[in-house]
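Student: Provided below for reference: sequence and predicted model.
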Amino acid sequence: FRTQVGTDIFNEYSPLGVPTGLVNRVTFDGSTVLFKDSWEPAIQELLAIPAQAYIEVVPEYNEGTRKLDLQVKSEFLEDIDASCNLSILIIESGIISPQKNDLASIGPEPNWLDYEHKHMLRGAVNGTWGEFLVENPGSGDVIESDFSITLDSDWDAQNVAVVAILLDADTYEIIQVEEV
């Protein structure tokens, strides 16, 4: 289930082990890659900060052609001193496939054969880091963008979601995200 976008993100941040993760790709206590016990404090810290932008995603899907058209509206709620990109990712849930497991307390060992994978990254509509959207947007600026993708025949369209990510083009820190 590896993807080019997943490999690009892995290579950019070089995690030392699992489970590790990123919280908005922001550095906390000197590290961007965080072990699971650091996720909640980092999330709580970010939740206390007012949103800088709002994203609205309107999808239109054609079952016959498997074409997914997206209208994305990015509205800036404050001035941002950065070049901003918009990245559109595709994820899928409900994928039943083996998963390695070494904790009998949560499931079969050593492999969980019928594990349900959720929020699995399937690919990027417009590249790993997205495409340029705006330089130094001001409060009240609204930018509309359109994207299209034909869903891969291996993906279950009923379980697919779109993740729109507004990010700082230089640091890759996430400014706002919307999932539809």
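Tutor: Cool, got the structure.

Student: next, the distance between the ends of stretch 30-44.
Tutor: End-to-end distance for stretch 30-44: 17 Å, by CA to CA, to the nearest Å.

Student: what's the burial count for residue 102?
Tutor: Here the number of neighbours of residue 102 (other CB atoms under 10 Å) works out to 8. Bear in mind the C-beta positions are built from the backbone N, C-alpha and C, glycine included.

Student: isn't it right up against residue 111?
Tutor: No - between residue 102 and residue 111 there is no contact under CB atoms under 8 Å: 9.9 Å.

Student: give me the element the residue sitting nearest the centre point of the chain is part of.
Tutor: Among the residues of the chain, the one closest to the centroid is residue 163, at 5.5 Å (CA atoms, centre = their mean). Here residue 163 sits within strand 160-168, counting by DSSP states H and E.

Student: quick one: mean pLDDT over stretch 73-82.
Tutor: The average pLDDT within stretch 73-82 is 98.

Student: can I get it as PDB, trimmed to CA atoms?
Tutor: The C-alpha trace of stretch 73-82 is given here as PDB (Å, rounded to 0.1, in the frame of the first residue of the first chain):
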ATOM      1  CA  LYS A  73     -12.400  27.400  -1.700                       C
ATOM      2  CA  SER A  74      -9.700  28.700   0.600                       C
ATOM      3  CA  GLU A  75     -10.600  31.700   2.800                       C
ATOM      4  CA  PHE A  76      -7.900  33.400   4.900                       C
ATOM      5  CA  LEU A  77      -9.100  34.500   8.300                       C
ATOM      6  CA  GLU A  78      -5.900  36.500   9.100                       C
ATOM      7  CA  ASP A  79      -2.800  37.800   7.300                       C
ATOM      8  CA  ILE A  80      -0.300  35.000   6.600                       C
ATOM      9  CA  ASP A  81       3.300  35.900   5.900                       C
ATOM     10  CA  ALA A  82       4.200  32.900   3.800                       C
END
